[in-house]
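Visitor: Requesting a structural model of the entry that follows:
(chains A, B and C)
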Amino acid sequence: MEQSKILNKSNFKIWSRLGMRATFGIAALEVGEKSEKLLVLTGDVSTSAGLDRFKKKFPNKYLDVGIAEQNLIGIASGLASEGFDVITTTFAPFQTTRCCEQIKVNLGYMKQKICMVGLASGLALGTLGYTHCCIEDVGILRSIPNLTIISPADSAEAVKSVFAGIKHKQSVYIRLTGGANISQIYEDDYNFEIGKSITLKPGKDISIFATGTMVKVALDCANILEKKGIDAEVVNMHTIKPIDFQKIKDSAKTSKLIISIEEHNVIGGLGSAISECLSDIELSPRHIFFGINDTYSKGGEYDFLKKKFGLTPEQICKKIILNLKK
Amino acid sequence: MTSKKKYSEMFKNSLNVDKKKITENLKYNEIDEWDSIGHMTLIAALEEEYKITFETDDIVDFSSFNKGIEILKKYKVNIS
Amino acid sequence: MYNQNQVSKIKDLSIRIRENILTMSLSAGASSSHFGGSLSTVEILATLYECVMKFDSTKPLWEDRDRFILSKGHACLGYYSVLCEKGYFKKEDLNLFEKNDSYLLGHPVINKNKGIEFSNGSLGMGLSLGVGVAIAAKKKKKNFKVFVLVGDGECNEGSVWEASMSAAHFKLENLTAILDNNSLQQTGKNNEIMSSESLAEKWRSFNWDVKEIDGHNISEILTALNDTSKKPKLILAKTVKGKGFSFSENNNDWHHKIMTKNQYDAALKELRGAK
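Guide: Numbers count the residues shown, from 1 in each chain, chains lettered A, B, ... in the order given. This is a model prediction of the structure:
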């Protein structure tokens, strides 16, 4: 476990008020204090990434390459090849799809080690339209070898992901979701390990696997289902690649139904990763995907969009109960 | 502690500064520590202490030590 | 600044590089090879590796070595040839070109122990890497230089211009880009595919120090590479695609083509006659 004084109860609470983006800035500051080799690169997004304080305190560890994401990854790779610990960040669609090939060649093929942080992934910026939403990043990056993909469940987990990502042996993509004031999953410091899912609530009837801000939705679902006599397990799949195959295998043995919930296209993301595992397991239970159904809808506020795609606890539970009756 | 002393103490702790920097005329961005991150940390602390949730407009309008006192009245918190 | 002895050495190396290019082309067989675009780079590579760059093939990871990036990755025949001549690997290995499980593929695959700094081939990416390495040098307070070879067709890629803009912004006087301006790209002349007139002006407007030279004139190459500048340097080298053999000069069929044994024999005869 990464030892850091900032990982405490009081900060966890404050960070959930700040949201993941501002909290990322705090994580960067903490790494900056301790590491001489750290360089944080952005594409003109310091304020959006909570990095203004970092920029002021560590101007020599901060590099803005302007609105040029292909160059961002190229420069980052050049720096990584010379021994620097590099973090890159910009909004998720630009961090991943704009420079996708550079990620493939530099991070995947050449294995230059970089920690990429995608801001405001999912539907959080729905009022700005889908150019600024990102429902494809996990699906696209999953098919690039040598890349780890993490989607933290709350602000504290975002900090722990950054700490772990910097130390990880291969490149990492950290997908930040939600806006300011997001639900707090963790009260106090806990053991976070890349690739090891966390069972937040045990349950013997069904298994709900969720990632990012949908983890809170999954917990709320479990509460609703409990009142209906359904005992649901809730698993935080913070690491989507490499997926925790063992956990999926264990749950498939006993659960009547597998549920996956993600703020991402149902094609290619967490659900697909889980399904790939289930298809290899004999007599695995049925699996229902919850996510965005492969469409770019009209935009709107975050809550409005989540409801539109059936991603509220009430909507999800209704469908689960219906399916259990079958 | 009087209410104002507690309010001032929250500024000191959230912004992580010496108490002599917390004056009644203190404004947002006037000191390095009261930047956007400092601001949200302060907001979180005030919400926790007074068991309230600020509206977005009020978070934006909360531009100074004194303005904050004025805004808190709306949430039935009287600093004196 | 140069002397005749240097020019003579570079000329000899250029001939040996061309011989190796022939060897690999033939060895590639039906897979063919990027013959034309490699030949236009020969004098540039020979000059860099014979008289300009600091390196030690017995210590390929030497921290203070100059770095060379072949952004125009498909021109690797010349690159592998010069690395071989300079002792990074045995001559027999040239026959591994494009063979199964080989470390010498049709585009460079990163292998620093063999002198291959980065994987290139998808055009437009090498200059960004060069910018990153040059920034790293400054941060580490090291004096090594970074050289990036780009193609003219490659300058169609927007990413080249992102890198170009940033090199000037970050004041990278330790970075030199050499533009192999052979005026041809895969399916035709540059100006037919995507007009790229006034390349010199374009790079100057991006705040690079531009030097225009004959890319096969060794003394001009030496002078340009040895000149110092406070800005990143762009050496715009006017070259001939397929240079060195009568059948391939300016013949775009040789962008990527099979070399037959007969062609090989004739070419070798021509090369040895020219010695």
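
Visitor: what about the residue of chain B found nearest chain A, helix or strand, and which?
Guide: Taking C-beta to the nearest C-beta, chain A has its nearest neighbour within chain B at residue B:44, 3.6 Å off. Where you see a C-beta, it was placed from the backbone N, CA and C, and this is true even at glycine. According to DSSP states H and E, residue B:44 maps onto helix B:36-50.

Visitor: Just the residues contacting that helix, thanks.
Guide: Identification of contacts with helix B:36-50 by C-beta atoms under 8 Å, 6 or more residues apart in numbering or on different chains yields A:13-14, A:17-18, A:22, A:25-26, A:47, A:50, A:52-53, A:180, B:6, B:10-11, B:13-16, B:28, B:34, B:52-54, B:59, B:62, B:68, B:72, B:75, B:77.

Visitor: For residue C:115, grab the count of nearby residues.
Guide: Using other C-beta atoms under 10 Å in any protein chain shown, residue C:115 has 22 other residues around it.

Visitor: Once you drop chain neighbours, what's closest to it?
Guide: Excluding the flanking residues, the one nearest residue C:115 by C-beta to C-beta, 6 or more residues apart in numbering or on different chains is residue C:88, at 3.8 Å.

Visitor: just checking, that neighbour is part of a helix?
Guide: No: using DSSP: H, G, I helix; E, B strand; the rest coil, the assignment for residue C:88 is coil, not a helix.

Visitor: What's the separation between it and residue A:322?
Guide: 66 Å (C-beta to C-beta, to the nearest Å).

Visitor: Just list the residues touching the closest residue to residue C:151 other than its chain neighbours, thanks.
Guide: Leaving aside its sequence neighbours, residue C:151 sits nearest to residue C:72 (C-beta to C-beta, 6+ apart; 3.8 Å). Neighbour list for residue C:72: C:37, C:41, C:120, C:123, C:126, C:149, C:150, C:151, C:154, C:180 [criterion: C-beta under 8 Å, 6+ apart].

Visitor: Single out the residue in chain B that lies closest to chain C.
Guide: Nearest residue of chain B to chain C: residue B:32, at 25.2 Å (C-beta to the nearest C-beta).

Visitor: picking up where we left off before, could I get the CA-only coordinates of the helix holding residue B:44 as CSV?
Guide: Presented in CSV, the C-alpha positions along helix B:36-50 are these (Å, rounded to 0.1, in the frame of the first residue of the first chain):
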residue,chain,number,x,y,z
SER,B,36,-9.9,27.1,-6.7
ILE,B,37,-8.8,24.0,-4.8
GLY,B,38,-8.6,26.0,-1.5
HIS,B,39,-12.0,27.4,-2.2
MET,B,40,-13.6,24.0,-2.6
THR,B,41,-11.8,22.6,0.4
LEU,B,42,-13.2,25.6,2.4
ILE,B,43,-16.7,25.0,1.0
ALA,B,44,-16.5,21.3,1.9
ALA,B,45,-15.5,22.2,5.5
LEU,B,46,-18.3,24.7,5.9
GLU,B,47,-20.9,22.3,4.6
GLU,B,48,-19.6,19.6,6.9
GLU,B,49,-19.6,21.9,10.0
TYR,B,50,-22.9,23.6,9.4
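
Visitor: Okay, buried residues for that helix please.
Guide: When burial is assessed from 16 or more other C-beta atoms under 10 Å in any protein chain shown, helix B:36-50 yields the following buried residues: B:36-47, B:50.

Visitor: and that helix, how far from the chain's centre?
Guide: Distance, stretch centre to chain centre, for helix B:36-50: 7 Å (C-alpha atoms, centre = their mean, to the nearest Å).

Visitor: Then stretch A:73-85?
Guide: With C-alpha atoms, centre = their mean as the basis, stretch A:73-85 stands 23 Å off its chain's centre.

Visitor: Other residues contacting it?
Guide: A:31, A:35, A:37-39, A:41, A:63, A:65, A:86, A:88, A:99, A:102-103, A:106-107, A:110, A:112-115, A:166, C:117-118, C:125, C:127-137, C:139-140, C:159, C:163, C:166.

Visitor: for the record, mean pLDDT for it?
Guide: For stretch A:73-85, mean pLDDT rounds to 98.

Visitor: quick one, helices of the chain?
Guide: Just so you know, I chose chain A. Taking DSSP state H as the criterion, chain A carries its helices at A:9-18, A:20-34, A:52-57, A:69-81, A:92-93, A:100-102, A:137-142, A:155-167, A:214-227, A:245-254, A:270-278, A:302-308, A:313-325.

Visitor: nope, chain B
Guide: Along chain B, the segments classed as helices by DSSP H run B:3-15, B:36-50, B:56-61, B:65-74.

Visitor: May I see the buried residues of the shortest one?
Guide: Looking back up the chat, that one is helix B:56-61. Judged by neighbour count (16+ other C-beta under 10 Å), helix B:56-61 contains these buried residues: B:58, B:59.

Visitor: Are that helix and chain A in contact anywhere?
Guide: No: using C-beta under 8 Å from any C-beta of the partner chain, helix B:56-61 stays clear of chain A, coming no nearer than 8.9 Å.

Visitor: Mind listing residues that contact that helix?
Guide: Residues contacting helix B:56-61 (C-beta under 8 Å, 6+ apart): B:39, B:40, B:43, B:67, B:71, B:74.

Visitor: Distance-wise, check the residue nearest the centre of chain A relative to chain C.
Guide: What sits nearest the mean C-alpha location of chain A, by C-alpha atoms, centre = their mean, is residue A:151, with 1.3 Å. Going from residue A:151 to chain C by C-beta to the nearest C-beta, to the nearest Å gives 28 Å.

Visitor: Do I have it right that that residue meets residue A:173?
Guide: No: checked against C-beta atoms under 8 Å, the pair residue A:151 and residue A:173 is beyond contact range at 9.1 Å.

Visitor: tally of neighbours for residue 249?
Guide: Just so you know, I chose chain A. Other residues close to residue A:249 by other C-beta under 10 Å number 14.

Visitor: you looked at the wrong chain, it should be chain C
Guide: Residues near residue C:249, counting by other C-beta under 10 Å, number 16.

Visitor: Shouldn't it be within a strand?
Guide: No: Residue C:249 sits outside any strand when classified using three-state DSSP, being coil.

Visitor: which residues does the residue nearest to it when sequence neighbours are not counted contact?
Guide: Excluding the flanking residues, the one nearest residue C:249 by C-beta to C-beta, 6+ apart is residue C:242, at 4.8 Å. With contact set as C-beta under 8 Å, 6+ apart, residue C:242 has these partners: C:35, C:36, C:39, C:40, C:248, C:249, C:250, C:251, C:254.

Visitor: mind checking the SS state of residue C:242?
Guide: Going by three-state DSSP: residue C:242 is coil.

Visitor: Would you mind measuring from the residue in the stretch 101-250 of chain A that chain B sits nearest to to chain C?
Guide: For the stretch 101-250 of chain A, the residue closest to chain B is residue A:180, as judged by C-beta to the nearest C-beta, at 7.1 Å. Look at residue A:180 and chain C: by C-beta to the nearest C-beta, they are 32 Å apart.
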